[in-house]
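K.L.:
Have a look at this prediction, sequence included:
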Amino acid sequence: MESLKTHTIQKFYNELTHGTKGKHPHSPKTVKNIHGVLHHALNQAVANEMLRLTRDCVDFEKGILLIKKQIQLHQEKELKGAYTLTSPKNGKSRTIAAAPFVMKCLKRQKVKQTEWRLKAGEVWGNPDGLVFTDEIGGHLTNPQSTVNIRPWSNVLAVQMPGSMI
């Protein structure tokens, strides 16, 4: 995902709209449908990255996020819902310079999570310091993330060029 750039996506849309060597252009409706699928896929990818973001990966002073972990959910029946934070599949971390409004949103999330922690008291459980949790500090699973992360993925997702659609 890190190699996917706005200009690459725009070039792809231009080729769909105008056609390329030996390929006919697609209708605006087809291009719009492709845009919808790509946009949804990128939002899901961003949501999945946010599920593994820990507080130590957020540098509020420098305005950067370090993506260095992935969540691996356990499939065994007795461990259902448990997870392990592991290194990314490619073994590489990456740094993202976050926009100021993203950092503001993350600060609001930190305040919200602090309120939840105080309200939950001894029930609170967030040993890994995840940025996004439920109200008692539990990790968010994919079904929960569609509700709890959707607004964030729209804020943090790669901005899709929309001038053609």
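P.N.:
Sure, I can see it. A quick note: this is a predicted structure, and the numbers were derived from the prediction, not measured.
K.L.:
Give me the buried positions along stretch 129-138.
P.N.:
Leu130, Val131, Phe132, Thr133, Asp134, Gly137, Gly138 (16 or more other CB atoms under 10 Å). The way it works is simple: take the backbone N, C-alpha and C, and place the C-beta from them, glycine included.
K.L.:
ok, what's across the strand from the fourth one?
P.N.:
This means Thr133. Beta-bridge pairing for Thr133 (DSSP bridges): His139.
K.L.:
I'd like to know how far His139 sits from Lys119.
P.N.:
18 Å (CB to CB, to the nearest Å).
K.L.:
Pick out whichever of these two has more residues nearby.
P.N.:
His139 (21 against 11; other CB atoms under 10 Å).
K.L.:
Show me the helices in this structure, by range?
P.N.:
6-18, 28-51, 100-120, 142-148, 150-156 (DSSP state H).
K.L.:
any idea of the angle the first one forms with helix 28-51?
P.N.:
Orientation of helix 6-18 against helix 28-51 (axes from the mean of the first three to the mean of the last three CA atoms, to 10 degrees) gives an angle of 160 degrees.
K.L.:
So which elements touch helix 6-18?
P.N.:
Packing partners of helix 6-18 (3 or more CB pairs under 8 Å, 6 or more residues apart in numbering; DSSP states H and E): helix 28-51.
K.L.:
could you give the mean pLDDT of the helix it packs on?
P.N.:
What helix 28-51 shows for mean pLDDT is 83.
K.L.:
That helix: which residues count as buried?
P.N.:
For helix 28-51, the neighbour count (16+ other CB under 10 Å) marks Val31, His35, Leu38, His39, Leu42, Asn43, Gln44, Val46, Ala47, Glu49, Met50, Leu51 as buried.
K.L.:
Which of the residues you listed sits closest to Leu66?
P.N.:
Glu49 (11.3 Å; CB to CB).
K.L.:
The closest one - nearest residue in space that isn't next to it in sequence?
P.N.:
Spatially, and ignoring its direct neighbours in sequence, Glu49 is nearest to Ile67 (6.0 Å; CB to CB, 6 or more residues apart in numbering).
K.L.:
Tell me who's in contact with the one you found.
P.N.:
Residues near Ile67 by CB atoms under 8 Å, 6 or more residues apart in numbering: Glu49, Arg52, Leu53, Cys57, Pro88, Ser93, Arg94, Thr95, Ile96.
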